[in-house]
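Engineer: can't give you the sequence, but here's the structure:
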């Protein structure tokens, strides 16, 4: 494990074939950046448990730009000029708010809003409110809470007076919910750099061991910093209208205090205050403020760690791993390998399988493909582009699943489908094809809906409780989503009960031999992944059923061939 401070590099490293006195050069560069840290795999894993003091801020400008363009067209203004002006305002506002929030937190004008599991005191009203607002797209109670805290921070009074006023809002502890001034020196600051191109100045992202070549590249980057970094204060040339990226470095805070007490709470506070302030604090041109507020541009602001250390408290959970999938979206080969990711897999496994699949992540290579992009904007643009398409892919899958089941529920009620299933097999399960068909149904139903071992039940429960689906304009508009999910669970439970009721020994006697290719593909992938069998389910269903059980009346398109196939299709899409 190694730690290299810029001053150390400046005195010892060769750049090209020339020796430079970097102690003089640094003052000319005015590179107010945190120390560069290089880590091997073990060191990186250890560092991931600590809060970062260096973060990237990535902005997707397209939401704000589209709103500005439409408004300019309607009002007869120069659409190109208005779009560029709004993009500049968007960037300027986010940078200004980041620096302002940091300053207010450092000077005890705003209280720290801790992570709920924080070791610091968690104010009682804040705690209950965060829990009640969980998964809500917009929480008025939280807005009002943050508004009052921000209003107090703007008063022309001493920090002590503001702390007293904040205590009337919630039971903040002065020592645990505010920065300890004895741990913050007089030069505490947050430095901002415009990212032009990723380089060894972000060497800890490359995870490279410090050999002679690496040190030389670092020195070359220091020699030509203008090729890699720009000033956040300069007027943006808008070389890329779609995205922009910045690096923020926090300095002047006691390292031990930051790591053990306040770091993760700081980043949680930064994100909460930023989300509120972007909507309600006016910074730029009033007309631009209106556009930004109504364009949902705040949803395209992304803070991410620069290096091995973290912004969010690391934990082994599906939610945390889902966030980490974002890093994959900047890679060049993301689209080719996307469906191999757990989050997009037809059979979502979760944290345990992710760890078993790749327990030792590489850190001694450029795992994020940062060096392969011509500039930082290209990498950020790729990330946001892949993120947007991934979100649309998942949304479309959810819409298709819910729409299919709604059609099924309207055309054939759950009660009728249960009865029709019994009648369908009551005709006799004597042929090899019918025996196979019933075996497929019962196996898949057991896998999907088993009380203890179902991989799907917890995911259905999460979707059911999520506020996300309430915002979708679907075919079942006006119908109770909770009732829809309840019907689905009833259908799965009743199918399992039916399977338990049949005389299994009589139907599947010693002479029975199962054709495994008739299973649905998701079942084959889940239960027999090494067999690499391809499902022939559709062909078998068509051959087995001479009459269609359910079809669209307009064009006779088949919805499902039999009661059994209706239930199996319900399983496969959920």
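Structural biologist: Received it, and whenever you're ready, just let me know what you need. These numbers come from a predicted model, not from an experiment. Numbers count the residues shown, from 1 in each chain.
Engineer: What average pLDDT does stretch 172-179 get?
Structural biologist: Averaging pLDDT along stretch 172-179 yields 93.
Engineer: ok, and for stretch 289-297, which residues are buried?
Structural biologist: 289, 291, 292, 295, 297 (16 or more other C-beta atoms under 10 Å). (Glycine included, C-beta is placed from N, CA and C.)
Engineer: Now do the same contact list for the first one.
Structural biologist: Residue 289 makes contact with 89, 282, 283, according to C-beta atoms under 8 Å, 6 or more residues apart in numbering.
Engineer: residue ranges for the strands of the stretch 251-400 of the chain, please.
Structural biologist: 301-305 (DSSP state E, counting those that start in this stretch).
Engineer: What ranges in it fall below the confidence cut-off?
Structural biologist: 316-374 (pLDDT under 70).
Engineer: And the helices in it, which stretches?
Structural biologist: Shown for the stretch 251-400 of the chain, the helices assigned by DSSP state H, counting those that start in this stretch span residues 255-257, 263-280, 286-294, 318-324, 334-337, 351-357, 376-411.
Engineer: ok now the third one, how far from the chain's centre?
Structural biologist: So the one you mean is helix 286-294. 26 Å (C-alpha atoms, centre = their mean, to the nearest Å).
Engineer: Give me the angle between it and helix 263-280.
Structural biologist: Between helix 286-294 and helix 263-280, the angle comes out at 120 degrees (axes from the mean of the first three to the mean of the last three C-alpha atoms, to 10 degrees).
Engineer: Likewise for the last one?
Structural biologist: Relative orientation of helix 376-411 versus helix 263-280 (the same axes, to 10 degrees): 80 degrees.
Engineer: Next secondary structure element downstream of helix 376-411?
Structural biologist: helix 414-426 (DSSP states H and E).
Engineer: Which neighbouring elements make contact with that following helix?
Structural biologist: On a contact count with 3 or more C-beta pairs under 8 Å, 6 or more residues apart in numbering; DSSP states H and E, helix 414-426 meets helix 481-501, helix 563-573.
Engineer: just these: most buried one?
Structural biologist: helix 563-573 (a mean of 21; mean count of other C-beta atoms under 10 Å).
Engineer: can you give me the mean pLDDT across that helix?
Structural biologist: For helix 563-573, mean pLDDT is 84.
Engineer: now do stretch 219-227
Structural biologist: 77.
Engineer: what comes up buried for that stretch?
Structural biologist: Neighbour count says stretch 219-227 has 219, 220, 221, 222, 223, 225 buried, by 16+ other C-beta under 10 Å.
Engineer: so can I have JSON lines of the helices and strands packed on helix 414-426 showing distance to residue 557?
Structural biologist: Converted to JSON lines, these look like this (distance: least, C-beta to C-beta, whole Å):
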{"stretch": "helix 481-501", "distance to residue 557": "22"}
{"stretch": "helix 563-573", "distance to residue 557": "14"}
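Engineer: mind checking which of those is nearest residue 275?
Structural biologist: helix 481-501 (26.3 Å; C-beta to C-beta).
Engineer: returning to what we had before: and of the helices of the stretch 251-400 of the chain, who's closest to residue 61?
Structural biologist: Comparison of the helices of the stretch 251-400 of the chain against residue 61 by C-beta to C-beta identifies helix 376-411 as nearest, at 9.3 Å.
Engineer: Any figure for the gap between the residue nearest to residue 418 when sequence neighbours are not counted and residue 104?
Structural biologist: Using C-beta to C-beta, 6 or more residues apart in numbering and skipping residues adjacent in sequence, the residue nearest residue 418 is residue 494, 4.9 Å away. According to C-beta to C-beta, to the nearest Å, residue 494 and residue 104 sit 58 Å apart.
Engineer: Then residue 61?
Structural biologist: Residue 61 is 26 Å from residue 104, by C-beta to C-beta.
Engineer: More neighbours: the two, which one.
Structural biologist: Neighbour count, other C-beta atoms under 10 Å: between residue 61 and residue 104, residue 61 has more, with 25 against 21.
Engineer: Quick check, pLDDT for that one.
Structural biologist: Looking at residue 61, the pLDDT reads 88.
Engineer: No further questions, thank you.
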